[in-house]
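Undergrad: Here's a sequence, model it:
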Amino acid sequence: MKSCLTSVWLLPVLMAASTAQVVATSPSPAASAPPVPYASVSQLNLLLSQLEQVAQGTLGDLDKLRIEKWKTDSNTRRSTADDVQSLQRNLQMALPEIVAQLRASPENISTTFKLYRNLDALYDVFGPVVESAGAFGSKDEFQSVQNDLSSLERSRRALAERMETLATAKEGELTHLRSQVRDLQAAATPPPTPKKVVVDDTEPAKPVKKKSATKSTKPTVPKPPSTTSNSQPPAQQTPQQP
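TA: Numbering: from 1, shown residues only. Here you go, the predicted model:
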């Protein structure tokens, strides 16, 4: 329950931050808040009317307590009397002020949680008073304040259920606001200019190896005629005598 209440307590801050982003991003003026649904207002009015009846009944029953006649020590009587005075101040001053604030803003999460915390504090102080009345007071005194405590607990439980419903609805609104912020930011940001990429798909010509124009050639030497062993030199002619 504490984690749920912490999330509920942080929702107004997150909602305000997201709304500020939407206003800063959107060029158009902020739209007015939508009206509160009739069903939600009716539920709250019934809850607050019942709570006011519980507060008035509790004030009357606290006035009827005769703590000075309880058969207990003076410290217990004095401590219980201080708790009763604290309850009376809260029921007469603090509680009506918070109820008026919530009526003026029926779905305000912060004010709703403020009222819940106040009822929680009343319940914590009222519980020991009821126990003391059961232990030291009369039967009628105990029965009346016991009924008041049960009624206060029902009002507190009903308010907690309403807080859970509001928190779920506000969470949906917050998700929608975040989506709007993303869309507005995407619309305000121009798309990046595409880069031109030049692709040269022509294959370079392969270099042709040139043959050497001059080759080192050896001079051709004629071969001498081949001689054989049977060859004889030509006969010399003997000059004839006269």
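Undergrad: Tell me the helix or strand right after the lowest-mean-pLDDT helix or strand in the chain.
TA: The helix or strand of the chain with the poorest confidence is helix 2-25; it has a mean of 44 (mean pLDDT, DSSP states H and E). Sequence-wise, the next helix or strand downstream of helix 2-25 (DSSP states H and E) is helix 38-63.
Undergrad: in that following helix, what counts as buried?
TA: Buried residues in helix 38-63, counted by 16 or more other CB atoms under 10 Å: 43-44, 47-48, 51, 54-55, 58, 61-62. C-beta here means a position set from N, CA and C on the backbone, and glycine is covered the same way.
Undergrad: Over to stretch 91-101?
TA: Buried positions in stretch 91-101, judged by neighbour count with 16+ other CB under 10 Å: 91, 95, 98-99.
Undergrad: With stretch 73-82 instead?
TA: Going by 16+ other CB under 10 Å, stretch 73-82 has these buried residues: 77, 80.
Undergrad: Need the residues that contact that stretch.
TA: For stretch 73-82, contacts defined as CB atoms under 8 Å, 6 or more residues apart in numbering pick out 67-68, 70, 128-129, 132, 136.
Undergrad: helices or strands next to the helix or strand where Arg103 lies in the packing?
TA: Here Arg103 sits within helix 95-104, counting by DSSP H and E. Counting contacts by 3 or more CB pairs under 8 Å, 6 or more residues apart in numbering; DSSP states H and E, helix 95-104 packs against helix 38-63, helix 109-136.
Undergrad: Extract the C-alpha set from that helix and format it as PDB.
TA: Output of helix 95-104 as PDB, limited to C-alpha atoms (Å, rounded to 0.1, in the frame of the first residue of the first chain):
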ATOM      1  CA  LEU A  95     -10.800  18.000   8.300                       C
ATOM      2  CA  PRO A  96     -13.500  20.500   7.100                       C
ATOM      3  CA  GLU A  97     -10.700  22.600   5.400                       C
ATOM      4  CA  ILE A  98      -9.400  19.600   3.500                       C
ATOM      5  CA  VAL A  99     -12.900  18.500   2.500                       C
ATOM      6  CA  ALA A 100     -13.600  22.000   1.100                       C
ATOM      7  CA  GLN A 101     -10.400  21.900  -0.900                       C
ATOM      8  CA  LEU A 102     -11.300  18.500  -2.400                       C
ATOM      9  CA  ARG A 103     -14.800  19.600  -3.300                       C
ATOM     10  CA  ALA A 104     -13.300  22.500  -5.200                       C
END
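Undergrad: Contacts for it, please.
TA: Residues outside helix 95-104 that contact it (CB under 8 Å, 6+ apart): 44-45, 48, 51-52, 55, 108, 111-112, 114-115, 118, 122.
Undergrad: Out of those residues, which is nearest to Pro192?
TA: The shortest approach to Pro192 among those belongs to Asn108, at 43.3 Å (CB to CB).
Undergrad: Tally up the residues packed near that closest one, please.
TA: When neighbours are defined as other CB atoms under 10 Å, Asn108 has 16 of them.
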